[in-house]
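Visitor: Any chance you could fold what I've pasted below:
(chains A, B, C and D)
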2 protein chains.
Amino acid sequence: MSSAASGDSTRDKILRAGEKLFAADGFDRVTLRQIAREADQRNVAAVQYHFGSKAGLLSAIVDDHRIEIDDRRAELLEKAEKDGVNGDFATLLSILVDPLAAKLDSPAGRAYLRIQAQGLTNSEMRPATRSLIGRIGRHLDELEPTARTASHRGRFALLLLFHALADRAGQESSGRARRADRAAFVAELSASLRGLMSA
Amino acid sequence: MSSAASGDSTRDKILRAGEKLFAADGFDRVTLRQIAREADQRNVAAVQYHFGSKAGLLSAIVDDHRIEIDDRRAELLEKAEKDGVNGDFATLLSILVDPLAAKLDSPAGRAYLRIQAQGLTNSEMRPATRSLIGRIGRHLDELEPTARTASHRGRFALLLLFHALADRAGQESSGRARRADRAAFVAELSASLRGLMSA
DNA sequence: GATAGTTTGATACGCGTGTTTTAATCGAGC
DNA sequence: GCTCGATTAAAACACGCGTATCAAACTATC
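Guide: Purely as a prediction, here's the structure:
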């Protein structure tokens, strides 16, 4: 309930510390003591108190962002359906891509992208982001059934989407990529996805 | 020196056990005791003896496969250069894709693909597979410089290549995908990469 | 068949982990 | 100003980790 307001309560500090460290080092390598230190907390049990467990902290981090992304997507999708643009491939693609790509704007968002990609690779957190993607997928199916249905393209597109954004997030957070190039990056990614789906 | 001959020496059993467990659970989650058990070894220090450390075991696993893949690629590339086909995009792409995709054939190869994808996400083992890819990349640059150079497409292609294969490897190893579909999968992947690069 | 070298087995060590527990501190509300 | 719930601190816990050590078993060479 409080998560959206990014105050500096201890809970929020732990959340941001976890984000940062999980993204940079990987969930398994990060210690609760590291997190406490990063959050200016002398208490090694702070994570247990506020989130129950290390896994609980991960869920809190991921859910926060995922919910915001899905809300934004639902909003855009409803608008598109109302405008009767649900036959427009580019529109549907941007509904899929843009709210995720917007996560590149903040350090917290970039951390989320990297964490989500870790989860994809290690085959967990599968329910994440699923519902909305399914709904958009159905629209895409109506559009060009042969290009998507029963083929692997949809899955490829999802893999590329997440991993490319995570890769970019890592580069920006480590200074290996400049923020100014971001628009070009997103445009390239969208074009690549378009090309991938309709080759 | 001995790795190619997949005998059932203790060393090889440990190597295969590590492959299997690293791929399924992730490098960090796997303990040396699990590996020893999986290798029918009562000795918990067997990994230290044969590979020095847990990291040494990982290197041994990855290097074995990577060397074989790069050798195969070099072979195909030389043949293509001799035939003067180095202007053929499809040929170059298949040199990049086929030796990797061939890894889907064996359980050990599938494990390698998943492990390599983990490494990509967690940003290590970067030197891996680099040399050959660079050489092929130069050929691609000569072909259509605008489509690759200074754009993000090359990186996208690499990400998709590795993660799609790792994803497929995971599905096959867990029975969620049938081996019969593999040819179609590889064809789809190649087509997707082609579409991605030239959209 | 004794011997040197290599491999395997078994045990122990030191340490860091996530978590639990208990005590101290804080902050409203009356 | 006191009280009580919520939060932070501090210490301890049980456990599993990677590693080191040393003895036993095996293997080949002469």
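Visitor: how about the residue sitting furthest away from the middle of chain A, secondary structure?
Guide: Computed with Cα atoms, centre = their mean, the residue of chain A farthest from its C-alpha average is A:Arg42, at 30.6 Å. Here A:Arg42 is recorded as coil under DSSP: H, G, I helix; E, B strand; the rest coil.
Visitor: Just to check, it is in contact with A:Ala36?
Guide: Yes: A:Arg42 is in contact with A:Ala36 according to Cβ atoms under 8 Å; the separation is 7.3 Å. Yep, even glycine has a C-beta here, placed from its N, CA and C like the rest.
Visitor: Can you tell me the number of residues neighbouring the residue of chain A found nearest DNA strand D?
Guide: Of all residues in chain A, A:Thr10 sits closest to DNA strand D, with a separation of 3.1 Å (Cβ to the nearest atom of the strand). A:Thr10: 15 surrounding residues under other Cβ atoms under 10 Å in any protein chain shown.
Visitor: Quick check, pLDDT for the most centrally placed residue in chain A.
Guide: Ranked by distance to the mean C-alpha position of chain A (Cα atoms, centre = their mean), the top residue is A:Leu113 at 4.3 Å. At A:Leu113, the model reports a pLDDT of 97.
Visitor: got the contact list for it?
Guide: Taking Cβ atoms under 8 Å, 6 or more residues apart in numbering or on different chains as the criterion, A:Leu113 is in contact with A:100, A:103-104, A:162, A:165-166, A:168-169.
Visitor: Name the nearest residue to it, ignoring sequence neighbours.
Guide: Closest residue in space to A:Leu113, ignoring its immediate chain neighbours: A:Ala169 at 4.2 Å, by Cβ to Cβ, 6 or more residues apart in numbering or on different chains.
Visitor: Isn't that neighbour up against A:Arg114?
Guide: Yes: taking contacts as Cβ under 8 Å, A:Ala169 lies within contact range of A:Arg114: 5.2 Å.
Visitor: Need the residues touching each of those two.
Guide: Common neighbours of A:Ala169 and A:Arg114 (criterion: Cβ under 8 Å, 6+ apart): A:Ala23.
Visitor: Could you name the helices and strands sitting against the helix or strand harbouring A:Glu172?
Guide: Using DSSP states H and E, A:Glu172 sits in helix A:153-173. With contacts taken as 3 or more Cβ pairs under 8 Å, 6 or more residues apart in numbering or on different chains; DSSP states H and E, helix A:153-173 sits against helix A:10-25, helix A:89-101, helix A:107-121, helix A:130-143, helix A:182-197, helix B:107-121, helix B:153-173, helix B:182-197.
Visitor: Reformat those helices into CSV and put distance to DNA strand C next to each item.
Guide: Shown next, in CSV, are the helices and strands packed on helix A:153-173 (distance: least, Cβ to the nearest atom of the strand, whole Å):
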stretch, distance to DNA strand C
helix A:10-25, 10
helix A:89-101, 28
helix A:107-121, 15
helix A:130-143, 26
helix A:182-197, 33
helix B:107-121, 19
helix B:153-173, 25
helix B:182-197, 35
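Visitor: Could you tell me the least trusted of those helices?
Guide: When I compare those, helix A:130-143 is least confident, with a mean of 72.
Visitor: How much space separates the residue nearest to the centre of chain A from chain B?
Guide: 11 Å (Cβ to the nearest Cβ, to the nearest Å).
Visitor: who touches the nearest residue to A:Gln41 once chain neighbours are set aside in this structure?
Guide: In space, A:Gln41 comes closest to A:Thr10 once its chain neighbours are excluded; the distance is 6.5 Å by Cβ to Cβ, 6+ apart. Residues near A:Thr10 by Cβ under 8 Å, 6+ apart: A:39, A:41, A:46, A:50.
Visitor: Quick check: A:Thr10 vs A:Arg16, distance?
Guide: Distance, A:Thr10 to A:Arg16, using Cβ to Cβ, to the nearest Å: 11 Å.
Visitor: Which neighbours do the two have in common?
Guide: Contacts common to A:Thr10 and A:Arg16, judged by Cβ under 8 Å, 6+ apart, are A:Ala39.
Visitor: OK, contacts around the spatially closest residue to A:Arg179 that is not a sequence neighbour?
Guide: Among residues not flanking A:Arg179 along the chain, A:Glu172 sits closest, at 6.4 Å (Cβ to Cβ, 6+ apart). For A:Glu172, the contacting residues are A:104, A:110, A:178-179, A:182, by Cβ under 8 Å, 6+ apart.
Visitor: Chain B: which of those is nearest?
Guide: Within the contacts of A:Glu172, the smallest distance to chain B is 11.0 Å, found for A:Arg182 (Cβ to the nearest Cβ).
Visitor: Would you confirm that that closest one contacts A:Lys103?
Guide: No: checked against Cβ under 8 Å, the pair A:Arg182 and A:Lys103 is beyond contact range at 11.4 Å.
Visitor: which of the two has more neighbours?
Guide: Shown here are A:Arg182 and A:Lys103; by other Cβ under 10 Å, A:Lys103 has more neighbours (19 against 15).
Visitor: who are the neighbours in contact with the more buried one?
Guide: A:65, A:69, A:109-110, A:112-113, A:165, A:169.
Visitor: And it, how far from A:Phe185?
Guide: When A:Lys103 is compared with A:Phe185 (using Cβ to Cβ), they lie 13 Å apart.
Visitor: ditto for A:Glu19
Guide: Taken as Cβ to Cβ, the span from A:Glu19 to A:Phe185 is 22 Å.
Visitor: Is there contact, residue-wise, from stretch A:13-21 to DNA strand D?
Guide: No: Stretch A:13-21 is not in contact with DNA strand D by Cβ under 7 Å from any atom of the strand; minimum separation 8.3 Å.
Visitor: does any bit of that stretch sit next to chain B?
Guide: No: figure legend: stretch A:13-21 not in contact with chain B (Cβ under 8 Å from any Cβ of the partner chain); closest approach 13.3 Å.
Visitor: Need the contact partners of that stretch.
Guide: For stretch A:13-21, using Cβ under 8 Å, 6+ apart, the contacting residues are A:3, A:6, A:30, A:34-36, A:38-41, A:46-47, A:50-51, A:57-58, A:60-61, A:64, A:107-108, A:111-112, A:115.
Visitor: Thank you kindly, that will do.
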